[in-house]
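[1] here's a sequence, model it:
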Amino acid sequence: MKIEDLKNGMRRVDVTAKVVEKSSAREVRSRYKDETYHVADAMITDGTGTIKLTLWNEQIDQVNVGDTVKIENGYITSFRGEIQLNAGKYGKLNVE
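    All right, here's what the predicted structure looks like:
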């Protein structure tokens, strides 16, 4: 799929794109359990558009600016009016 075709609520999304920017990690607390997670955002592009990719825990260290990432079985959410790509627990993130 191409980034320009992604819409909020889409499921089973497969995207290959280049990482152009990455934020530093921050801690967030779970709403459901007494756990803390690390989260960071990466901006990725495939030439048709740019989207924010949410990185969780060990994914943060796997991804660097300049890498090409492949997301399989991802999903799209909207946060503060901006759509985001998530690999989630059923998806896969591979660095190529």
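
[2] for this protein, which segments count as strands?
    Listed in chain order, the strands of the chain (DSSP state E) span 13-22, 26-29, 36-45, 50-56, 68-79, 82-86, 92-95.

[3] for those, give me TSV that also has mean pLDDT and mean neighbour count.
    Yep, even glycine has a C-beta here, placed from its N, CA and C like the rest. Shown next, in TSV, are these (pLDDT from 0 to 100; neighbours: other CB atoms under 10 Å):
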stretch	mean pLDDT	mean neighbour count
strand 13-22	98	17
strand 26-29	94	10
strand 36-45	96	17
strand 50-56	96	19
strand 68-79	96	16
strand 82-86	96	18
strand 92-95	96	14
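
[4] reformat the ones you listed as CSV; add distance to Ile3.
    Output for those, formatted as CSV (distance: least, CB to CB, whole Å):
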stretch, distance to Ile3
strand 13-22, 6
strand 26-29, 24
strand 36-45, 7
strand 50-56, 5
strand 68-79, 10
strand 82-86, 8
strand 92-95, 16
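
[5] now the residue lying farthest from the centre of the chain: how far from Trp56?
    Relative to the C-alpha centroid of the chain, counting by CA atoms, centre = their mean, Asp34 is the outermost residue, at 23.7 Å. Separation of Asp34 from Trp56 (CB to CB, to the nearest Å) stands at 17 Å.
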